[in-house]
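In: I would like the atomic coordinates for the input below:
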Amino acid sequence: MFAIVPAHNEAESVGAVVSTLRESGVFDDPWPRSGIVVVDDGSTDTTAELAEAAGAMVIQTPKNLGKGGAMLFAYEGLPNVNEAGDDRVAFFDADLVGLTPQHVQEIASVSDRGFDMVAGLRVKGPVANVVQIVAPLITGQRIVRRWVLDGLPSTCWSGYRIEVAMNDVLERGGGRTAIVMFPGLSARTKMHKSGILSGLLGQWKMARQIAATKKALRSSEGLTCEL
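Out: Numbering: from 1, shown residues only. Here you go, the predicted model:
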């Protein structure tokens, strides 16, 4: 199985994320240098150097493409299957804090049972946990089969549209989804990265994009994420 980690200016955390993915033993494919691919999406810090030092294969986008674009940039370069004939692809955010090998092993173990997508969610408390489970899945931690990724409209590989679109393809295709809870996992927030005002603006833009994507997919019957 391959892992893709999109990263933009994540020097503070990307090394630890890669080290944990390696320690889990899930992504030990040798292609071509590692089964863990970090996409350095136009970073201006030492994201690429630290990811490579931790054992990832690092590729760099020609310009900042955003999360979905960076994921596609890496996905298009992967072999169809790994040496063991496994067609699954995992995605992990580069800003995670507290990711453990056990988290990674658990989500992989559930995926081994034949699910088409397994999503990892952070533990946020009783009420928030229920909301996460019943609401549309928005998480960067997933293991997905290729038929889902290949069924995504090209307009959906952009920003946070990609997460909404994966859910849509699964639902329309009758795929099986499972959820795994990750206790102790957190992430560096947008406010931590860019300040309170910029972080709040980023959260607002993300929410708007998610809502617009759901509307576009519903109106076009899954053909596009843009209207």
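In: Give me the number of neighbouring residues for residue 69.
Out: Using other C-beta atoms under 10 Å, residue 69 has 18 other residues around it. C-beta coordinates here come from the backbone N, C-alpha and C atoms, glycine included.
In: Is it part of a helix or strand, or is it coil?
Out: Judged by DSSP: H, G, I helix; E, B strand; the rest coil, the three-state class of residue 69 is helix.
In: again with residue 59
Out: Three-state call for residue 59 (three-state DSSP): strand.
In: Quickly note the distance from it to residue 78.
Out: Applying C-beta to C-beta, to the nearest Å, the value for residue 59 to residue 78 is 11 Å.
In: Determine the longest helix present in the chain.
Out: helix 196-219 (DSSP state H).
In: who's in contact with residue 176?
Out: 114, 115, 116, 117 (C-beta atoms under 8 Å, 6 or more residues apart in numbering).
In: again, only using 6 Å
Out: 115, 116 (C-beta atoms under 6 Å, 6 or more residues apart in numbering).
In: cool, residue 59 as well?
Out: residue 39.
In: from now on call the first residue 828
Out: Sure, I'll start numbering at 828, so the last one becomes residue 886.
In: re earlier: tell me the helices and strands packed up against the longest helix of the chain.
Out: On a contact count with 3 or more C-beta pairs under 6 Å, 6 or more residues apart in numbering; DSSP states H and E, helix 1023-1046 meets helix 988-1000, helix 1017-1021.
In: what comes up buried for it?
Out: For helix 1023-1046, burial by neighbour count (16 or more other C-beta atoms under 10 Å) applies to 1033, 1036, 1037, 1040, 1041, 1043, 1044.
In: Just send the helices and strands packed on helix 1023-1046 back as CSV, with mean neighbour count, distance to residue 1011 and mean pLDDT too.
Out: Formatted as CSV, these follow (neighbours: other C-beta atoms under 10 Å; distance: least, C-beta to C-beta, whole Å; pLDDT from 0 to 100):
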stretch, mean neighbour count, distance to residue 1011, mean pLDDT
helix 988-1000, 21, 22, 95
helix 1017-1021, 15, 18, 63
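In: Including distance to residue 912, could the ones you listed go into TSV?
Out: Formatted as TSV, these follow (distance: least, C-beta to C-beta, whole Å):
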stretch	distance to residue 912
helix 988-1000	21
helix 1017-1021	39
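In: Quick one, which of these gets closest to residue 871.
Out: Nearest to residue 871 among the helices and strands packed on helix 1023-1046 is helix 1017-1021; the distance by C-beta to C-beta comes to 12.9 Å.
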